[in-house]
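Colleague: coords please:
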Amino acid sequence: MLQTSFAPYGMPDPFADMRRMQRDMNRMFEGFGTAPRDGQPAINFWAGQDSIVLTAELPGLSQEDIELTVKDGIVTLSGHYPEPQTGEEATWHRRERPQGRFSRSIELPFRIAPDRVEARFTNGVLTVEMQRPEEDKPKRIEIKSS
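Modeller: Residues are numbered from 1 along each chain as shown. Model (predicted):
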């Protein structure tokens with residue numbers, strides 16, 4: 001991007017601070033709305049007519065490290081990322097992978113049948129499919145002519 005100075009030669013640019021502030025704001029909001037921070041797993045969540053699907057990225061965990069509950073229209077995913085074993089003498093130069101406990105709760109858009117929830121954990125990705133009860137599924141009504 002071409003930076004144009006509106007100040008006469010040798011004079012301070014009155015817009016320099018505004019451009020710097022805009023760069024800082026752009027950096028701050030970079031990636032906003034994509035992946036959560038503070039060790040929370042990234043999730044995708046979508047609903048169809050008959051079911052709700054949730055996927056969560058949980059690299060480095062086993063299914064024993066994860067707890068999944070559904071109660072009162074809220075699905076909760078929690079677990080624990082282990083502390084890396086580095087030893088006493090180690091000096092961290094970069095630390096981006098999550099560690100410690102996490103918990104995410106999401107309100108469901110409709111009622112689900114608790115006995116029709118299926119969860120699979122493959123290659124670090126948890127996939128949870130929650131079925132809508134038959135009596136709650138939209139029914140097509142036939143319109144008769146008179």
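Colleague: which parts of stretch 103-122 are buried?
Modeller: 104, 108, 112, 117, 121 (16 or more other Cβ atoms under 10 Å). The C-beta positions use only the backbone N, C-alpha and C, and glycine is treated the same way.
Colleague: now the residues you listed in a markdown table, please, with extra columns for distance to Met18, secondary structure and pLDDT.
Modeller: Listed next are those as a markdown table, based on distance: Cβ to Cβ, whole Å; DSSP: H, G, I helix; E, B strand; the rest coil; pLDDT from 0 to 100:
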| residue | distance to Met18 | secondary structure | pLDDT |
| --- | --- | --- | --- |
| Arg104 | 38 | strand | 91 |
| Leu108 | 44 | coil | 92 |
| Ile112 | 50 | coil | 90 |
| Val117 | 52 | strand | 93 |
| Phe121 | 49 | strand | 95 |
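Colleague: between the residues you listed, which is closest to His80?
Modeller: Arg104 (13.3 Å; Cβ to Cβ).
Colleague: contacts only, for the closest residue to that closest one other than its chain neighbours.
Modeller: Among residues not flanking Arg104 along the chain, Leu77 sits closest, at 5.0 Å (Cβ to Cβ, 6 or more residues apart in numbering). Going by Cβ atoms under 8 Å, 6 or more residues apart in numbering, Leu77 touches 41, 43, 54, 56, 66-68, 103-105, 126.
Colleague: tell me which of those residues is nearest to Trp92?
Modeller: Out of those, the member with the shortest distance to Trp92 (by Cβ to Cβ) is Pro41, at 21.9 Å.
Colleague: in a strand, that's where the closest one is, yeah?
Modeller: No. Assessed with DSSP: H, G, I helix; E, B strand; the rest coil, Pro41 is coil; it does not lie in a strand.
Colleague: contact partners for it?
Modeller: Pro41 makes contact with 56-58, 77, 98, 102, 104, according to Cβ under 8 Å, 6+ apart.
Colleague: if anything else comes up later, I'll come back, but that's it for now.
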